[in-house]
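1. Here you go, sequence then predicted model.
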Amino acid sequence: MSYDPDNIFAKILRGEIPSAQVYEDDDTLVFMDIMPRADGHCLVIPKTPCRNLLDASPEQLLAVMNTTQRMGHAVMAAFGAQGVTIQQFNEAAGGQEVFHLHFHVLPRHEGQRLRPPGNMEDSDVIAANADKIRAALAQV
């Protein structure tokens with residue numbers, strides 16, 4: 001399988017599609033999931049083309065894992081969560097829907113189930129949750 005430079009995350013990286021961005025460094029970008037399964041659900045992606053974990057370079061993996069760990073701490077602090085779920089899917093049979101490497105970071109609370117997938121969140125709620133994460137990043 002080859003990388004499609006017109007996937008939605010590539011378009012977000014090029015600024016063709018808006019996103020609620022919460023963190024960026026030289027190698028990665030983090031933005032809010034528009035169909036969150038938990039408040040604070042965000043996505044970590046490499047800035048370079050990469051279909052998924054199966055074709056990622058060691059450098060891409062190192063960059064996204066470092067950022068994923070940082071975001072795990074930030075979302076837990078921002079939402080008073082007791083844990084964090086990290087999800088990553090590879091190829092359609094593995095549940096991948098957008099074919100650009102990405103990690104889902106979801107703050108978790110004891111006894112609270114994830115919401116069902118596919119429900120669009122209000123943009124004001126997404127923006128407020130992004131603000132909480134950005135504020136937490138300044139502290140962690």
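-> Now that the structure is in, tell me what you want to look at.
2. which stretches of this protein have low pLDDT?
-> Along the chain, segments meeting pLDDT under 70 are nowhere present.
3. Counting by contacts, list what the longest helix along it packs against.
-> Taking DSSP state H as the criterion, the chain has its longest helix at helix 58-79. Here helix 58-79 touches strand 21-24, strand 28-32, strand 42-46, strand 83-87, strand 103-108, helix 123-137, going by 3 or more CB pairs under 8 Å, 6 or more residues apart in numbering; DSSP states H and E. Where C-beta positions appear, they are placed from N, C-alpha and C, glycine not excepted.
4. mind listing what the third one pairs with, with the direction of each?
-> This means strand 42-46. strand 28-32 (antiparallel), strand 103-108 (antiparallel) (DSSP bridges).
5. got a list of what the residue positioned nearest the centre of the chain touches?
-> Closest to where the C-alpha atoms of the chain average out (CA atoms, centre = their mean) is residue 43, at 0.6 Å. Listed by CB atoms under 8 Å, 6 or more residues apart in numbering, the contact set of residue 43 reads 9, 30, 31, 32, 33, 102, 103, 104, 105.
6. rerun at 10 Å
-> 9, 12, 19, 22, 29-34, 36, 68, 71, 87, 98, 100, 102-105 (CB atoms under 10 Å, 6 or more residues apart in numbering).
7. And residue 120, by the same measure?
-> So residue 120 contacts 34, 35, 36, 126 (CB under 10 Å, 6+ apart).
8. The same query, at a cut-off of 8 Å, please.
-> So residue 120 contacts 34, 35 (CB under 8 Å, 6+ apart).
9. in what helix or strand does it lie?
-> Using DSSP states H and E, residue 120 falls within no helix or strand.
10. sorry, back to before: please convert the strands paired with strand 42-46 to a markdown table, extending it with distance to residue 52 and mean neighbour count.
-> Shown next, in a markdown table, are the strands paired with strand 42-46 (distance: least, CB to CB, whole Å; neighbours: other CB atoms under 10 Å):
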| stretch | distance to residue 52 | mean neighbour count |
| --- | --- | --- |
| strand 28-32 | 15 | 23 |
| strand 103-108 | 11 | 23 |
